[in-house]
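Trainee: sequence and computational prediction follow.
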Amino acid sequence: MATITEIINTCGGPKAVADALGLKDGVRKWAQIGIPDRHWAKLIDMSKGKLKPATIFAANQQARSSEAA
């Protein structure tokens, strides 16, 4: 299973993702809170077909369950 960090790296890294989404520093928080649903489509496009919604969903569940622990 991919982690949030691996997903971000697949899309070019934190700076590339933040720039593409017009964010300043929100990407660094995703490892703890998960990737907001509104950004999934852009990340899937940025991954050039390597990511699927199920992959992001599973990574989000893992990150959010780790935060609650």
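Mentor: Alright, I've got the coordinates.
Trainee: quick one: I33 and A63 touch, right?
Mentor: Yes: counting by C-beta atoms under 8 Å, A63 is a contact partner of I33 at 6.9 Å. Every residue, glycine included, has its C-beta placed from N, CA and C.
Trainee: for those two, indicate the residue with more neighbours.
Mentor: Ranked by neighbour count (other C-beta atoms under 10 Å), I33 and A63 place A63 first, with 18 against 13.
Trainee: how about the contacts made by that one?
Mentor: If you count contacts by C-beta atoms under 8 Å, 6 or more residues apart in numbering, A63 has them with 3-4, 30-34.
Trainee: for S65, see how far away the closest residue to M46 other than its chain neighbours is.
Mentor: Leaving aside its sequence neighbours, M46 sits nearest to C11 (C-beta to C-beta, 6 or more residues apart in numbering; 4.0 Å). C11 sits 23 Å away from S65, going by C-beta to C-beta, to the nearest Å.
Trainee: more crowded one of these two?
Mentor: Set C11 next to S65 and count neighbours by other C-beta under 10 Å: C11 wins out with 23 against 10.
Trainee: okay, the more buried one: pLDDT?
Mentor: C11 carries a pLDDT score of 96 in this model.
Trainee: re earlier: do I have it right that the residue nearest to M46 meets A41?
Mentor: No: the pair C11 / A41 is not scored as a contact, 12.0 Å apart, by C-beta under 8 Å.
Trainee: quick one: low-confidence parts of the protein?
Mentor: By pLDDT under 70, the low-scoring segments of the chain are 67-69.
Trainee: which residues of it fall in helices?
Mentor: For the chain, the helices defined by DSSP state H cover 4-10, 14-21, 30-33, 40-46, 53-68.
Trainee: before we move on, back to that, residues in contact with the residue nearest to M46?
Mentor: 17, 20, 43, 46-47, 51.
Trainee: ok, 6 Å please
Mentor: 17, 43, 46-47 (C-beta atoms under 6 Å, 6 or more residues apart in numbering).
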